[in-house]
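J.: model this:
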Amino acid sequence: MFENLTSTKGLSHERLQALILLGDSGSLIAAAGGDSGLQSRLSHRIRELSEFFGTELTTKVGKSIKLTPAGESLVQIARDHFLSLQAFRD
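T.: Model prediction:
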């Protein structure tokens with residue numbers, strides 16, 4: 001049923017969470033709390049998501065990256081997904 005999503009590398013909860021963190025904080029630096037190693041991992045995860053979906057999720061603005069409209073849309077989808085999972089668990 002969802003083989004086209006689950007059989008390909010690139011989609012994971014960790015990657016979706018990285019995108020949500022960027023959306024919530026407005027920058028990777030803020031999302032990583034100043035931890036350059038975490039910032040690099042978040043950037044890598046978001047890039048993998050972008051490759052998986054075949055669309056740019058971020059754009060460079062000056063020295064930082066911001067969400068594209070597609071990225072903002074995916075953040076909302078991911079947020080709803082996690083909220084549903086949390087509600088089911090609760």
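
J.: which helix is the longest one in the protein?
T.: Taking DSSP state H as the criterion, the chain has its longest helix at helix 69-89.

J.: I'd like to know which elements that one is packed against.
T.: Applying 3 or more C-beta pairs under 8 Å, 6 or more residues apart in numbering; DSSP states H and E, one finds that helix 69-89 contacts helix 13-25, helix 36-53. C-betas here are computed from N, CA, C, even on glycine.

J.: out of those, which one sits most buried?
T.: helix 13-25 (a mean of 18; mean count of other C-beta atoms under 10 Å).

J.: tell me which residues are up against that one.
T.: The contact list for helix 13-25, computed with C-beta atoms under 8 Å, 6 or more residues apart in numbering, reads 28, 31, 41-42, 45-46, 48-49, 52, 57-58, 65, 67, 71-72, 74-75, 78-79, 81-82.

J.: centre of the chain to whatever helix or strand comes next after that helix, how far?
T.: Using DSSP states H and E, the next helix or strand after helix 13-25 towards the C-terminus is helix 28-31. Helix 28-31 sits 13 Å away from the centroid of its parent chain (C-alpha atoms, centre = their mean, to the nearest Å).

J.: show residues contacting helix 28-31.
T.: Under the criterion C-beta under 8 Å, 6+ apart, residues 18, 21-22, 24-25, 39, 42-43, 64-65 lie in contact with helix 28-31.

J.: one more time with 6 Å, if that's ok
T.: Contact with helix 28-31 is made by 21-22, 25, 39, 42-43, as judged by C-beta atoms under 6 Å, 6 or more residues apart in numbering.

J.: sweet, I'm off.
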